[in-house]
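**Q** Have a look; sequence and predicted model below, questions after that.
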Amino acid sequence: MLAALRSRRVEKLPDQVMLRGRILFLTEDAALVRRQLDGQDIDWQPATKLRDNISTDEITPAYICYYYDETLGDFPYLGLKCGDEFPITRGAVKRAGFVASVSGQRRGKGSSREQSPYAEMCAGIKLVVAQNIERIYRENCQNLGVLTTTDFSIIDRVRRGETIPLSAFTAGEGEITRGIIEYGGLFNFNVARLQGNVVLSPPATPPRPMTLGEKIIARHWVVDPSKGTIGVPAVKPGDEGFVVTDVRFSHEYVTPMAAIFFEQLVGPDEKVLDPGSILMFRDHLTFLGDAMTPERVKEGLLDVALELEKKQRAFAQKQGIRLYGELRLGHHGSEAICHSKILEGHAEPGMVIIGSDSHTPHAGAVGCVAFGVGTTAVFNSWITKDVRLTVPETVKVVVRGRKPDNVTAKDFMLEILRHPYVKSGRAIGKLVEYCGDAVESLSVDERATMTNMTAEVGGFTGYVAPDEKTVAYLMAYRGMARAAAERLCRGLASDADAEYCEVIEIDAAAIRPLIALPGDPGNGRYIAEAAERVRVDIAYAGSCTAGKKEDMDMYARVLEEAAERGERVAPWVRFYIQCGSQDVKRYCEERGYLELFRKVGATFLEPSCGACINAGPGVSKTKDEVTISAINRNFPGRSGPGLLYLANPYTVAASAIAGYIAEWQPGMALAEPSA
């Protein structure tokens, strides 16, 4: 493989670029968007409000990601919501001849799907302009060769047809990001690196107090790839380089596109580097046939989606990669959701883990640096086993005090997500260290809820320093001897005088159960403050965030009390409980939870991402349906067209019984007497 790549010819882009084409302003005004699609160029002024918080779910809704080739160019922005309308239709962007796309704050938040910038690129978009840009989306753009900027003065230069220095897009970047942009993408840059045409200097950072995240990154720093030299004494925010990975994983939404890139650019018969440290998962679309609308089935989208599984399975078999697959013999579901199994069976304190999903930080619950990357980064890691990284600043989130009994880690996160520092986007791309006695009191499962939802914070990754609970977890889940588990955890703590760019203090005792109102996880409100009751049509208890053993304990706690009072799921509510892995299902069987769930009228589902990505039971069918869900995000269209509220596991179970969004209190009756 390396011999073929070393003979490949790669060149840098010209020093001057000219972007010929129109500019699409993604505004809040649907009519204005439609006029642009119809051929009218607008004289945009700052008074015309651009759409903020455009998620990758809106750029390429989940069903669009069944495609993994140039066909994606027909689909960018199909999920874009402007007011109450969705003004963009299939092929409209591509036909209109746009070269640049402009929006407001937090462009590309949410899922790490590289299908989003790839769809934009295939539709002709070569430049993305926004006030600030989420880390994974921005890196995906750079890796593909799509230019990005937060400098709105570039817009007028494009309008005037000027040549623009490439340095306008590389200014202020580190040598690696600058090099990736100059070479037109990550693959060409890595080829130049393997050829010796790019030689990177290790950071010259002298020893300094470091956070835990910085320590782990320093230990994994690639110094000299030709000699296998790894590790530097210290790093600081802004240092840029490559870090070697311990685990690399991908799921069926991403593996096929990465496999196509690998076969086309490296060679159909070449082998990945160290397949034993690569994992693949069939976990996202195993229930898709139950959720897809008849219209989309008629369009052939179910057949398109099934090709993802076939391509991933064939590539894994050919490469000798372990695949956690779907259940056979007519059963829907999978062996495990990727994040659940990575934490249960593979993550160890001090590791660097990359995955093809924004919720990869789930594994940070045991004190590792785990972060999501896009398709191109996954594909390149199969060649080099490393991944590029700019050391982020670290935000310290300190949660202190004794929480109320009905408050969970999910409430901690909904509280953090509505904090002004996070809500404004200032935590984007940062390491997030969760600490304080309230965090230390949490189980590893509950800590994983916090690190998982670092994706919603916009952080690079989140972690909790390992401690005695981590040791106990490794002993229970991995069968490790205590001495071995303690050895893994030793020395993994932030230095007392480590530097943080921000410290957020949270009083756990003051928190009450929250819900996030539809549209964004940052829309947190205390349930008790609601002016009116909200009737629920669907209650969904599951996903990587809320399908762990302790989550099942919470659902069972509420439902056991309800069963003792003779209460059942409200007649008009569809209640689904979905576990994160077969290990969790066995746990539920051993404790009698499956029978309890059946007794009260809940439907238990095998592991899968399912409704969380609009691909399984629990999705809404109409815009008026209301869902109360324990998942991690509620962006428009995320789980169907309806109104999606986020809440903790207790609240979801209580609301299923009450038929309305309800704050659970131990011993409190939930069902209406008339029900």
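**A** Looks like it came in fine. Being a predicted model, the structure only gives us computed values, none of them experimental.
**Q** In this protein, spot the helix with the most residues.
**A** Ranked by residue count, the top helix of the chain under DSSP state H comes out as helix 301-319.
**Q** tell me what that one is packed against?
**A** Under the contact definition 3 or more CB pairs under 8 Å, 6 or more residues apart in numbering; DSSP states H and E, helix 301-319 sits against helix 255-265, strand 278-281, helix 288-291, strand 322-324. Just so you know, the C-beta spots here come from the backbone N, C-alpha and C atoms, and that holds for glycine as well.
**Q** what bits of the chain have low per-residue confidence?
**A** 1-3, 329-331, 672-675 (pLDDT under 70).
**Q** Pick out the residue closest to the middle of it.
**A** Nearest to the mean C-alpha position of the chain, by CA atoms, centre = their mean, lies residue 358 at 1.9 Å.
**Q** For that residue, which residues are in contact?
**A** Contacts here follow CB atoms under 8 Å, 6 or more residues apart in numbering; on that basis residue 358 touches 110-112, 136, 372, 455.
**Q** Heading C-terminal from the helix or strand hosting residue 353, find the next helix or strand.
**A** Element membership for residue 353 (DSSP states H and E) is strand 352-355. Moving toward the C-terminus from strand 352-355, the first helix or strand encountered (DSSP H and E) is strand 369-372.
**Q** before we move on, back to that, tell me the strands beside the strand holding residue 353, with direction?
**A** Within its sheet, strand 352-355 is paired with strand 247-251 (parallel), strand 369-372 (parallel), according to DSSP bridges.
**Q** Outline the domain layout of this structure.
**A** Following the assignment in automatic domain parsing, the chain carries domains at 20-160, 392-510, 514-658.
**Q** Export those domains to a markdown table and append columns for mean neighbour count and distance to residue 316.
**A** Converted to a markdown table, those look like this (neighbours: other CB atoms under 10 Å; distance: least, CB to CB, whole Å):
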| stretch | mean neighbour count | distance to residue 316 |
| --- | --- | --- |
| domain 20-160 | 20 | 16 |
| domain 392-510 | 20 | 23 |
| domain 514-658 | 22 | 18 |
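**Q** JSON lines for those, including distance to residue 383?
**A** As requested, the domains of the chain are exported to JSON lines (distance: least, CB to CB, whole Å):
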{"stretch": "domain 20-160", "distance to residue 383": "13"}
{"stretch": "domain 392-510", "distance to residue 383": "23"}
{"stretch": "domain 514-658", "distance to residue 383": "28"}
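**Q** Contact partners for residue 433?
**A** The neighbours of residue 433, taking CB under 8 Å, 6+ apart as the test, are 211-213, 394-397, 462-465, 494, 500.
**Q** likewise residue 522?
**A** When the contact criterion is CB under 8 Å, 6+ apart, the partners of residue 522 are 417-418, 422-423, 456, 516.
**Q** and those, which two are the farthest apart?
**A** Pairwise distances across those (CB to CB) peak at 12.7 Å, for the pair 422 and 516.
**Q** Contact partners for residue 495?
**A** Counting by CB under 8 Å, 6+ apart, residue 495 makes contact with 209-211.
**Q** again, but for residue 529
**A** Residue 529 makes contact with no residue, according to CB under 8 Å, 6+ apart.
**Q** ok, now how distant is it from residue 414?
**A** When CB to CB, to the nearest Å is the yardstick, residue 529 and residue 414 sit 13 Å from each other.
**Q** for the contacts of residue 433, which one is nearest residue 292?
**A** The shortest gap between residue 292 and any of the contacts of residue 433 belongs to residue 462, at 33.1 Å (CB to CB).
**Q** Is that closest one in contact with residue 447, as I believe?
**A** No - Residue 462 is beyond contact range of residue 447, at 9.3 Å (criterion: CB atoms under 8 Å).
**Q** Distance check, the nearest residue to residue 221 once chain neighbours are set aside against residue 255.
**A** Leaving aside its sequence neighbours, residue 221 sits nearest to residue 232 (CB to CB, 6 or more residues apart in numbering; 4.5 Å). Shown here: residue 232 relative to residue 255, a distance of 32 Å by CB to CB.
**Q** More neighbours: which of those two?
**A** The neighbour count for residue 232 versus residue 255, taken as other CB atoms under 10 Å, is higher for residue 255 (30 against 20).
**Q** The stretch 451-600 of the chain: helices as residue ranges?
**A** Assigned by DSSP state H, counting those that start in this stretch, the stretch 451-600 of the chain shows helices spanning 454-457, 468-478, 482-489, 543-546, 549-564, 582-590, 593-600.
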